[in-house]
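Participant: structure, please.
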Amino acid sequence: VFLLPSVFYLLWSSCGYAWRPFFRASAISISIAAALWCAYFFLLVRPLYLADYRYLFSANGYTGITAATFWQVMHDTVRDGNWMDRVLYPLALALMLFAAAAAQRLWRNPLFTALALWMAGYLFFLAYHNNMQPRYYFVVAVPMLMLVALGFDNLLRRALHSGLSTRVKAMNWTLAAAVGAAIAIAAVLDAAHTVRFVRTPQYTFARAAQQIKQVVDSDPRRSHLVLSISGNNLSLLTGLRSICDDFGTLELEDRIAAYRPGWYVAWNEVESDKMEALSKFYTLDRVAAFPALDDPDRNLMIVYKLNPLPAPKPAHPRRRARARLSRQRPAVTALP
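Facilitator: Residues are numbered from 1 along each chain as shown. Below you'll find the predicted structure:
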């Protein structure tokens, strides 16, 4: 949804900024998109995955931004763009400001404007969710890099323009050289970072997953089904069967009752709502903990055995009969 302004701007520019051809082209594009979506929904989703489809939208429909936190969230969203690159990301923002102030020709390039709308739209989407994880910025990295390339190209063309005064050409050459130097520095730093990862890889999460599998396999009498928010990763790495304790079309209590997992793997601690649901079926026995990541919120995977609670003892038949008689006894009202 937040990318639609960028898409429709490109469509509008391709129609020569004329409204009638734009509406005609938009009608064709929307009709094709609607036909594809209807085919996907009615042939695949509705007969097979309707509950999952609805849950996908309910899980992504929340917002973490409020009127009280608006400016702080916007600040954090823009600041955390440094996840992408500490050189190129500020450079892309600077080029957008430069284009707005002094290089209006850049905005006449429909690709530059569409990329700016793409970047701004998705950053606003991140702010709406207030969930600035590094992986969500990958979508922003694509227009960011293209914006830098277009800005650098524009500065070079302006520097080579023969009709400009010497002073303006010197300024353009200075700006082009600065942007080129920044791109070169970013390329060297990013290449060094990549080489360092390749030469000294760390498999802490994979190692933790294998150790968790060993713990689970050590008790063959217990169910090997693992309950964990990172269960899908454990399944991919080890083959352990798992269900998620956070996402799903069933409430957590219903999920536990239906699947009866034998193990629970938590990050750093057991959250109160998870403990409340688990305590209705199990007692938790902490058996192991493994360091996995360098995120302070997710650096330790803790393994718990789920010990089923004893079944409630049936009431004695005579007591049940006595209880029934007491329920059938008419109420006595004291007379004045």
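Participant: what comes up buried for the helix or strand that contains residue 150?
Facilitator: Using DSSP states H and E, residue 150 falls within helix 138-160. Buried positions in helix 138-160, judged by neighbour count with 16 or more other C-beta atoms under 10 Å: 139-141, 143-148, 150-152, 154-156, 158-159. (C-beta placed from N, C-alpha, C; glycine too.)
Participant: helix or strand next in line after it, which one?
Facilitator: Heading C-terminal from helix 138-160 (DSSP H and E), you reach helix 166-199.
Participant: and that next one, how far out from the chain's middle?
Facilitator: Computed by C-alpha atoms, centre = their mean, to the nearest Å, the chain-centroid distance of helix 166-199 equals 30 Å.
Participant: who does the strand ranked longest in the chain pair up with?
Facilitator: Longest strand of the chain, by residue count under DSSP state E: strand 282-295. Applying DSSP bridges, strand 282-295 is found paired with strand 298-308 (antiparallel).
Participant: count of residues packed around residue 20?
Facilitator: 8 (other C-beta atoms under 10 Å).
Participant: who are the neighbours in contact with the residue nearest to residue 252 when sequence neighbours are not counted?
Facilitator: Counting by C-beta to C-beta, 6 or more residues apart in numbering, residue 252 lies nearest to residue 277, which is 4.3 Å off, once chain neighbours are set aside. Residues in contact with residue 277 (C-beta atoms under 8 Å, 6 or more residues apart in numbering) are 252-253, 256.
Participant: can you check residue 271 too?
Facilitator: Contacts of residue 271 (C-beta under 8 Å, 6+ apart): none.
Participant: begin at 407, not 1, for the rest of this chat.
Facilitator: I'll keep to 407 as the first residue from here, and by that count the last item is residue 677.
Participant: distance of it from residue 652?
Facilitator: According to C-beta to C-beta, to the nearest Å, residue 677 and residue 652 sit 9 Å apart.
Participant: hmm, back to that, restrict the longest strand of the chain to CA atoms and write it as PDB.
Facilitator: These are the backbone C-alpha positions of strand 688-701, laid out as PDB (Å, rounded to 0.1, in the frame of the first residue of the first chain):
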ATOM      1  CA  TYR A 688       2.600 -28.000  32.500                       C
ATOM      2  CA  THR A 689       5.200 -27.200  35.000                       C
ATOM      3  CA  LEU A 690       8.400 -25.900  33.400                       C
ATOM      4  CA  ASP A 691      11.800 -27.500  34.200                       C
ATOM      5  CA  ARG A 692      14.800 -25.600  33.000                       C
ATOM      6  CA  VAL A 693      17.300 -28.000  31.600                       C
ATOM      7  CA  ALA A 694      19.800 -26.100  29.400                       C
ATOM      8  CA  ALA A 695      20.700 -22.700  28.000                       C
ATOM      9  CA  PHE A 696      22.800 -21.900  24.900                       C
ATOM     10  CA  PRO A 697      24.200 -18.600  23.700                       C
ATOM     11  CA  ALA A 698      23.000 -17.900  20.100                       C
ATOM     12  CA  LEU A 699      23.000 -14.300  19.000                       C
ATOM     13  CA  ASP A 700      24.500 -11.000  19.900                       C
ATOM     14  CA  ASP A 701      21.100  -9.200  20.200                       C
END
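Participant: now the helix or strand containing residue 441: buried residues?
Facilitator: Applying DSSP H and E as the criterion places residue 441 in helix 425-446. Neighbour-count burial for helix 425-446 flags 428, 432 (criterion: 16+ other C-beta under 10 Å).
Participant: tell me which helix or strand comes right after that helix.
Facilitator: Next along from helix 425-446, by DSSP H and E: helix 452-454.
Participant: spit out the contact partners of residue 659.
Facilitator: 683, 686.
Participant: what helix or strand is it on?
Facilitator: Here residue 659 is assigned to helix 658-665, by DSSP H and E.
Participant: list the contacts of the residue nearest to residue 416 when sequence neighbours are not counted.
Facilitator: Residue nearest to residue 416 in three dimensions, not counting chain neighbours: residue 520, with 4.7 Å by C-beta to C-beta, 6+ apart. If you count contacts by C-beta under 8 Å, 6+ apart, residue 520 has them with 412-413, 415-416, 419.
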